[in-house]
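S.K.: Let's see this in three dimensions:
(one chain, ligands or ions: 1)
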Amino acid sequence: MIRKGAYGVFVFTVAVASGRCFAQQDFSGVEIKTTPVAGKVYMLEGRGGNIGVSVGSDGILIVDDQFAPLAEKIKAALAKLGSDKPKFILNTHWHGDHTGGNPQFGRDGTIIAQTNVRNRLIAKQELFGKPVEPLPKEGLPVVTFDESLSVHFNDEEIRVIHFPHGHTDGDSVIFFTKSNVVHMGDHMFAGMFPFVDLDHGGDVEGMAKNVAKVIGEVPPDVKIIPGHGPISTLDDLKTFHRMLVETTDIVKRRIAAGKTLEQIKAEGLPDPWKSWGNGFIKTDSWLETIFKSVSKSQ
Ligand SMILES: [Zn+2]
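M.R.: Below you'll find the model as predicted:
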(Lines give C-alpha, C1' and ligand atoms only; values in the text may rest on other atoms or scores of the structure.)
Protein backbone atom coordinates (compact mmCIF):
# COMPACT_ATOMS: atom_id res chain seq x y z
CA MET A 1 0.00 0.00 0.00
CA ILE A 2 2.99 2.29 0.19
CA ARG A 3 3.91 3.91 -3.04
CA LYS A 4 7.54 4.10 -4.00
CA GLY A 5 8.99 7.29 -2.73
CA ALA A 6 6.84 7.61 0.35
CA TYR A 7 9.78 6.67 2.52
CA GLY A 8 12.04 9.08 0.70
CA VAL A 9 9.58 11.84 1.39
CA PHE A 10 9.74 11.19 5.07
CA VAL A 11 13.49 10.90 5.19
CA PHE A 12 13.61 14.31 3.65
CA THR A 13 10.97 15.67 5.95
CA VAL A 14 12.92 14.74 9.01
CA ALA A 15 16.16 16.06 7.59
CA VAL A 16 14.72 19.52 7.13
CA ALA A 17 12.29 19.58 10.03
CA SER A 18 15.08 21.19 12.02
CA GLY A 19 14.89 24.24 9.81
CA ARG A 20 18.63 24.72 9.98
CA CYS A 21 19.54 22.76 6.88
CA PHE A 22 16.38 24.11 5.32
CA ALA A 23 18.06 26.55 2.92
CA GLN A 24 20.38 23.87 1.61
CA GLN A 25 17.53 21.63 0.51
CA ASP A 26 16.57 21.63 -3.12
CA PHE A 27 12.84 21.80 -3.69
CA SER A 28 13.15 22.58 -7.40
CA GLY A 29 12.33 19.02 -8.48
CA VAL A 30 9.24 18.71 -6.31
CA GLU A 31 5.93 18.51 -8.11
CA ILE A 32 2.59 18.93 -6.40
CA LYS A 33 0.17 16.12 -7.15
CA THR A 34 -3.55 16.71 -6.67
CA THR A 35 -5.89 13.78 -5.96
CA PRO A 36 -9.65 13.95 -5.33
CA VAL A 37 -10.42 12.14 -2.06
CA ALA A 38 -14.22 12.31 -1.62
CA GLY A 39 -16.97 14.94 -1.62
CA LYS A 40 -15.41 18.40 -1.46
CA VAL A 41 -12.00 17.18 -0.34
CA TYR A 42 -8.74 16.83 -2.27
CA MET A 43 -5.25 15.84 -1.23
CA LEU A 44 -2.05 17.56 -2.34
CA GLU A 45 1.26 15.73 -2.15
CA GLY A 46 4.64 17.36 -2.65
CA ARG A 47 7.21 17.00 0.09
CA GLY A 48 6.32 16.91 3.77
CA GLY A 49 2.95 16.23 5.34
CA ASN A 50 -0.05 15.59 3.09
CA ILE A 51 -2.24 18.63 2.49
CA GLY A 52 -6.03 18.31 2.71
CA VAL A 53 -8.10 20.81 0.68
CA SER A 54 -11.79 21.74 0.92
CA VAL A 55 -13.02 23.12 -2.41
CA GLY A 56 -16.40 24.75 -3.03
CA SER A 57 -18.49 27.88 -3.41
CA ASP A 58 -17.14 29.37 -0.17
CA GLY A 59 -13.58 29.11 -1.43
CA ILE A 60 -10.59 27.07 -0.34
CA LEU A 61 -9.57 25.76 3.07
CA ILE A 62 -6.35 23.82 3.54
CA VAL A 63 -5.11 21.47 6.23
CA ASP A 64 -1.31 21.90 6.64
CA ASP A 65 1.01 23.58 4.14
CA GLN A 66 4.33 21.67 3.88
CA PHE A 67 7.54 23.73 3.41
CA ALA A 68 7.90 27.46 2.69
CA PRO A 69 9.81 27.02 -0.61
CA LEU A 70 6.88 24.96 -1.94
CA ALA A 71 4.27 27.65 -1.27
CA GLU A 72 4.26 28.98 -4.85
CA LYS A 73 3.82 25.49 -6.28
CA ILE A 74 1.09 24.72 -3.76
CA LYS A 75 -0.62 27.99 -4.73
CA ALA A 76 -0.48 27.00 -8.40
CA ALA A 77 -2.11 23.66 -7.57
CA LEU A 78 -4.78 25.40 -5.46
CA ALA A 79 -5.47 27.93 -8.24
CA LYS A 80 -6.47 25.02 -10.47
CA LEU A 81 -9.02 24.05 -7.80
CA GLY A 82 -10.47 27.56 -7.69
CA SER A 83 -8.25 29.98 -5.76
CA ASP A 84 -4.63 30.32 -4.71
CA LYS A 85 -5.66 32.17 -1.55
CA PRO A 86 -7.10 29.77 1.02
CA LYS A 87 -9.48 31.54 3.39
CA PHE A 88 -8.56 29.19 6.22
CA ILE A 89 -5.41 27.22 7.01
CA LEU A 90 -5.71 24.51 9.65
CA ASN A 91 -2.48 23.24 11.23
CA THR A 92 -2.64 19.67 12.53
CA HIS A 93 0.51 20.30 14.65
CA TRP A 94 3.61 22.49 14.80
CA HIS A 95 6.24 20.46 12.87
CA GLY A 96 7.89 22.36 10.03
CA ASP A 97 6.91 19.87 7.32
CA HIS A 98 3.26 20.77 8.08
CA THR A 99 3.52 24.50 8.90
CA GLY A 100 6.40 25.78 6.75
CA GLY A 101 4.05 27.51 4.30
CA ASN A 102 2.21 29.38 7.09
CA PRO A 103 4.00 32.73 6.60
CA GLN A 104 2.90 32.81 2.95
CA PHE A 105 -0.66 31.54 3.37
CA GLY A 106 -1.20 33.51 6.60
CA ARG A 107 -0.98 36.80 4.67
CA ASP A 108 -4.32 36.23 2.94
CA GLY A 109 -5.98 33.58 5.08
CA THR A 110 -6.72 32.85 8.72
CA ILE A 111 -4.55 30.23 10.39
CA ILE A 112 -6.32 28.06 12.98
CA ALA A 113 -4.64 25.63 15.38
CA GLN A 114 -4.78 24.15 18.85
CA THR A 115 -3.31 26.42 21.54
CA ASN A 116 -0.15 24.32 22.01
CA VAL A 117 0.66 24.63 18.31
CA ARG A 118 0.82 28.42 18.52
CA ASN A 119 2.84 28.19 21.74
CA ARG A 120 5.41 26.01 19.94
CA LEU A 121 5.53 28.10 16.76
CA ILE A 122 5.99 31.40 18.59
CA ALA A 123 9.13 30.23 20.42
CA LYS A 124 12.41 28.60 19.48
CA GLN A 125 12.24 24.81 19.59
CA GLU A 126 14.67 21.97 19.25
CA LEU A 127 13.99 18.93 17.11
CA PHE A 128 16.37 16.06 16.31
CA GLY A 129 18.99 17.97 18.30
CA LYS A 130 18.77 21.01 16.04
CA PRO A 131 17.24 24.45 16.68
CA VAL A 132 13.95 25.38 15.01
CA GLU A 133 13.40 29.14 14.70
CA PRO A 134 10.05 30.70 15.61
CA LEU A 135 7.72 31.63 12.75
CA PRO A 136 7.16 35.32 11.91
CA LYS A 137 3.86 36.88 13.03
CA GLU A 138 2.10 36.26 9.72
CA GLY A 139 2.83 32.54 10.05
CA LEU A 140 1.25 32.15 13.48
CA PRO A 141 -2.25 30.81 14.16
CA VAL A 142 -4.69 33.71 14.65
CA VAL A 143 -7.52 31.58 15.98
CA THR A 144 -6.63 29.06 18.68
CA PHE A 145 -8.74 26.61 20.65
CA ASP A 146 -8.17 24.17 23.48
CA GLU A 147 -10.42 21.20 22.72
CA SER A 148 -12.36 21.57 19.51
CA LEU A 149 -13.68 23.97 16.94
CA SER A 150 -15.86 23.82 13.83
CA VAL A 151 -15.49 25.66 10.56
CA HIS A 152 -18.75 25.78 8.62
CA PHE A 153 -17.47 25.95 5.08
CA ASN A 154 -18.40 24.64 1.65
CA ASP A 155 -21.72 23.26 2.91
CA GLU A 156 -20.28 21.08 5.63
CA GLU A 157 -19.11 21.20 9.21
CA ILE A 158 -15.36 20.75 9.37
CA ARG A 159 -14.64 19.56 12.92
CA VAL A 160 -11.16 20.22 14.31
CA ILE A 161 -10.60 18.10 17.41
CA HIS A 162 -7.60 18.13 19.72
CA PHE A 163 -6.14 14.71 20.50
CA PRO A 164 -3.69 15.29 23.36
CA HIS A 165 -0.35 13.57 23.90
CA GLY A 166 -0.16 11.44 20.77
CA HIS A 167 2.28 12.51 18.07
CA THR A 168 2.91 15.78 20.01
CA ASP A 169 0.86 17.63 22.64
CA GLY A 170 -1.01 19.79 20.14
CA ASP A 171 -2.34 17.50 17.42
CA SER A 172 -5.73 17.89 15.86
CA VAL A 173 -7.64 15.45 13.69
CA ILE A 174 -9.88 17.08 11.09
CA PHE A 175 -13.29 15.59 10.29
CA PHE A 176 -14.96 16.63 7.02
CA THR A 177 -18.35 15.47 8.20
CA LYS A 178 -20.34 15.49 4.94
CA SER A 179 -17.53 14.56 2.54
CA ASN A 180 -16.78 11.61 4.86
CA VAL A 181 -13.05 12.31 4.97
CA VAL A 182 -10.69 12.47 7.95
CA HIS A 183 -7.27 14.14 7.94
CA MET A 184 -5.29 12.35 10.65
CA GLY A 185 -2.24 14.63 10.69
CA ASP A 186 0.72 12.68 12.03
CA HIS A 187 -1.57 10.44 14.06
CA MET A 188 -1.23 8.16 11.06
CA PHE A 189 1.79 7.16 9.02
CA ALA A 190 0.42 4.73 6.44
CA GLY A 191 2.30 1.43 6.48
CA MET A 192 5.35 2.72 8.33
CA PHE A 193 6.44 3.32 11.90
CA PRO A 194 5.52 6.86 12.96
CA PHE A 195 7.69 9.55 14.44
CA VAL A 196 6.45 10.22 17.98
CA ASP A 197 7.78 13.50 19.35
CA LEU A 198 8.41 12.53 22.97
CA ASP A 199 10.22 15.84 23.64
CA HIS A 200 7.12 17.85 22.73
CA GLY A 201 4.40 15.99 24.60
CA GLY A 202 4.12 12.95 22.33
CA ASP A 203 3.35 9.51 23.78
CA VAL A 204 3.13 6.15 22.00
CA GLU A 205 0.29 4.79 24.13
CA GLY A 206 -1.49 8.15 23.92
CA MET A 207 -1.26 7.90 20.16
CA ALA A 208 -2.81 4.41 20.22
CA LYS A 209 -5.64 5.67 22.44
CA ASN A 210 -6.29 8.63 20.17
CA VAL A 211 -6.31 6.47 17.04
CA ALA A 212 -8.75 4.05 18.71
CA LYS A 213 -11.04 6.97 19.46
CA VAL A 214 -11.05 8.04 15.82
CA ILE A 215 -11.71 4.46 14.70
CA GLY A 216 -14.75 4.38 17.00
CA GLU A 217 -16.15 7.61 15.58
CA VAL A 218 -15.96 7.23 11.81
CA PRO A 219 -18.18 5.32 9.36
CA PRO A 220 -16.74 2.19 7.67
CA ASP A 221 -16.47 3.83 4.25
CA VAL A 222 -14.53 6.88 5.47
CA LYS A 223 -11.56 8.04 3.38
CA ILE A 224 -8.46 8.84 5.39
CA ILE A 225 -5.66 11.29 4.65
CA PRO A 226 -2.65 10.22 6.74
CA GLY A 227 0.08 12.69 7.70
CA HIS A 228 2.45 10.67 5.54
CA GLY A 229 1.68 7.98 2.97
CA PRO A 230 -1.17 7.38 0.53
CA ILE A 231 -4.93 7.91 0.97
CA SER A 232 -6.09 5.14 3.28
CA THR A 233 -9.17 3.23 4.42
CA LEU A 234 -10.56 2.49 7.85
CA ASP A 235 -8.95 -0.96 7.62
CA ASP A 236 -5.57 0.68 7.05
CA LEU A 237 -6.09 2.84 10.14
CA LYS A 238 -7.08 -0.26 12.13
CA THR A 239 -3.88 -1.98 11.00
CA PHE A 240 -1.88 1.10 12.07
CA HIS A 241 -3.59 0.94 15.46
CA ARG A 242 -2.90 -2.78 15.79
CA MET A 243 0.75 -2.11 15.02
CA LEU A 244 0.91 0.51 17.80
CA VAL A 245 -0.72 -1.80 20.34
CA GLU A 246 1.12 -5.02 19.44
CA THR A 247 4.61 -3.51 19.18
CA THR A 248 4.07 -1.65 22.46
CA ASP A 249 2.96 -4.89 24.15
CA ILE A 250 6.06 -6.66 22.87
CA VAL A 251 8.35 -3.99 24.32
CA LYS A 252 6.49 -3.95 27.63
CA ARG A 253 6.73 -7.75 27.95
CA ARG A 254 10.47 -7.60 27.29
CA ILE A 255 10.94 -4.82 29.85
CA ALA A 256 8.97 -6.88 32.39
CA ALA A 257 11.30 -9.81 31.65
CA GLY A 258 14.22 -7.59 32.65
CA LYS A 259 15.62 -7.00 29.18
CA THR A 260 17.69 -3.94 28.34
CA LEU A 261 16.99 -1.66 25.39
CA GLU A 262 19.93 -3.22 23.56
CA GLN A 263 18.51 -6.71 24.08
CA ILE A 264 15.08 -5.54 22.98
CA LYS A 265 16.55 -4.08 19.81
CA ALA A 266 18.57 -7.22 19.13
CA GLU A 267 15.39 -9.32 19.26
CA GLY A 268 13.70 -7.05 16.71
CA LEU A 269 10.05 -7.36 15.74
CA PRO A 270 8.14 -10.28 14.22
CA ASP A 271 6.13 -10.25 11.00
CA PRO A 272 4.00 -8.47 9.91
CA TRP A 273 5.72 -5.44 11.44
CA LYS A 274 9.21 -6.01 10.05
CA SER A 275 8.50 -4.19 6.79
CA TRP A 276 7.15 -1.16 8.68
CA GLY A 277 10.76 -0.31 9.54
CA ASN A 278 11.75 0.33 5.94
CA GLY A 279 11.03 4.04 6.27
CA PHE A 280 12.94 6.75 8.11
CA ILE A 281 11.87 5.35 11.47
CA LYS A 282 13.75 2.06 11.41
CA THR A 283 12.75 -0.83 13.65
CA ASP A 284 15.56 0.00 16.14
CA SER A 285 14.44 3.59 16.40
CA TRP A 286 10.78 2.57 16.81
CA LEU A 287 11.64 0.12 19.60
CA GLU A 288 13.65 2.84 21.33
CA THR A 289 10.75 5.31 21.02
CA ILE A 290 8.36 2.80 22.62
CA PHE A 291 10.93 1.96 25.32
CA LYS A 292 11.40 5.63 26.25
CA SER A 293 7.70 6.40 26.02
CA VAL A 294 6.53 3.58 28.30
CA SER A 295 9.44 4.14 30.72
CA LYS A 296 8.45 7.82 30.97
CA SER A 297 4.84 7.08 31.83
CA GLN A 298 5.63 4.50 34.50
ZN1 LIG B 1 4.87 15.67 12.68
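S.K.: List the buried residues of the helix or strand that contains I215.
M.R.: Using DSSP states H and E, I215 falls within helix 204-217. Neighbour counts using 16 or more other C-beta atoms under 10 Å place V204, E205, G206, M207, A208, K209, N210, V211, V214 of helix 204-217 among the buried residues. Every residue, glycine included, has its C-beta placed from N, CA and C.
S.K.: got the contact list for the residue most central in space within the chain?
M.R.: Central residue of the chain (C-alpha atoms, centre = their mean): D186, 2.4 Å from the mean position. Residues in contact with D186, defined by C-beta atoms under 8 Å, 6 or more residues apart in numbering, are G49, T92, H93, H95, H98, H167, T168, D171, P194, F195, G227, H228.
S.K.: Could you restrict these to the ones contacting the ion?
M.R.: Among these, the ones lying near the ion by C-beta under 5 Å from the ion are H95.
S.K.: hmm, which two among the contacts of D186 are most spread apart?
M.R.: Across those, the two members that end up farthest from each other (C-beta to C-beta) are T168 and H228, 14.5 Å apart.
S.K.: I'd like the distance from the helix or strand containing H98 to the chain centre, please.
M.R.: In this structure, H98 sits in helix 96-99 according to DSSP H and E. Centroid separation for helix 96-99 versus its chain: 9 Å, with C-alpha atoms, centre = their mean, to the nearest Å.
S.K.: now swap in stretch 39-55 and tell me
M.R.: 12 Å.
S.K.: Quick check: end-to-end length of that stretch?
M.R.: Length of stretch 39-55, first residue to last, C-alpha to C-alpha, to the nearest Å: 9 Å.
S.K.: and W286, what element?
M.R.: helix 283-296.
S.K.: returning to that earlier point: and which of the buried residues of helix 204-217 is nearest G129?
M.R.: Taking C-beta to C-beta as the measure, G129 lies nearest V204 of the buried residues of helix 204-217, at 20.3 Å.
S.K.: how much space between the closest one and V251?
M.R.: Noted for V204: a distance of 9 Å to V251, by C-beta to C-beta, to the nearest Å.
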